[in-house]
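# Structure, please.
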Amino acid sequence: MTLRTLLTSGAEKLDIMLSDRQTDAFLVYLVELEKWNRKINLTAIRNEQDIVIKHFLDSLSYLNGFVPAPGLRLLDMGSGAGFPAVPIKICHPEIGITMVEAVNKKASFLRHITRTLKLTEIVIVDKRTNELPASHHGTYDVVTARAFAEMKAAISEGATFLKPGGLMVLSRGPEETVGEGDVLKAGLVIEKKLDLRLPHSNDPRAIWVFRKKR
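Residues are numbered from 1 along each chain as shown. Okay, here's the model as predicted:
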């Protein structure tokens, strides 16, 4: 199976229909990720099929947690090599995204791939999430986090940036959970939990969605 077919058929299993242009963007992303990964440590996953499944398709699974719409603002905490923010942006260019990445070399890659793919309405911030100024507080419709701390810490930190009624979307392994008390303490409620398996893989995932109280 070609990488193109692996990606498009996997996205279909997540109810996402990729256009030829979007698929091309993902394949350029893959090439640039591999090129930069030889110089700086962006990902420990080096097999191309695994990158498609465990990075691209895993990122697209976040779209099960919220409904993209024009004008929606999304904050991605600890973006690393751009997951899940860049795949989400490729699929939904109409939403505005802020990626927060404290490691300068990784932030440089994010700027490079954003320019290369001609993605607009993206802001990249070279800071730790807890160093963001107050102007970011309570301003986002959706907050995502992937390789960012344990779930308790992620929701505690992420809730700060959500508008009332906004959603925090996390993808975790099936064994990880969070206490209802910790969720309520962060000012959130559990909206839903969706169990799934990554397409073309037996890897289980749980998509957790938390809503900030109004």
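# Could I get the contacting residues of the residue nearest the centre of the chain?
Taking Cα atoms, centre = their mean, the centroid of the chain lies closest to Pro84, which sits 2.1 Å from it. Shown in contact with Pro84 (Cβ atoms under 8 Å, 6 or more residues apart in numbering): Asp58, Ser59, Leu60, Tyr62, Asp76, Thr144, Arg146, Ser171. C-beta here means a position set from N, CA and C on the backbone, and glycine is covered the same way.
# neighbours of the closest residue to it other than its chain neighbours, just the number please.
Leaving aside its sequence neighbours, Pro84 sits nearest to Ser59 (Cβ to Cβ, 6 or more residues apart in numbering; 3.4 Å). Ser59 has 23 neighbours, counted by other Cβ atoms under 10 Å.
# Among the contacts of Pro84, which ones are in strands?
The strands, defined by DSSP state E, take in Asp76, Thr144, Ser171 from the contacts of Pro84.
# Number of residues surrounding the second one?
The one in question is Thr144. 29.
# Any figure for the gap between it and Leu33?
19 Å (Cβ to Cβ, to the nearest Å).
# Touching, the residue nearest to Pro84 and Phe83? I think so.
Yes: at 4.7 Å, Ser59 and Phe83 qualify as touching, with contact defined as Cβ atoms under 8 Å.
# which residues are common contacts for these two?
When contacts are counted by Cβ under 8 Å, 6+ apart, Ser59 and Phe83 have Arg146 as shared neighbours.
# Asp203 reaches Asp195, doesn't it?
No: counting by Cβ under 8 Å, Asp203 does not reach Asp195; the two are 11.9 Å apart.
# Tell me the helices and strands packed up against the longest helix along the chain.
When the chain is parsed with DSSP state H, its longest helix is helix 20-37. When contacts are defined as 3 or more Cβ pairs under 8 Å, 6 or more residues apart in numbering; DSSP states H and E, helix 20-37 sits against helix 3-13, helix 48-51, helix 85-91, helix 104-116.
# can you redo these as a markdown table with distance to Glu176?
Formatted as a markdown table, the helices and strands packed on helix 20-37 follow (distance: least, Cβ to Cβ, whole Å):
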| stretch | distance to Glu176 |
| --- | --- |
| helix 3-13 | 23 |
| helix 48-51 | 21 |
| helix 85-91 | 21 |
| helix 104-116 | 24 |
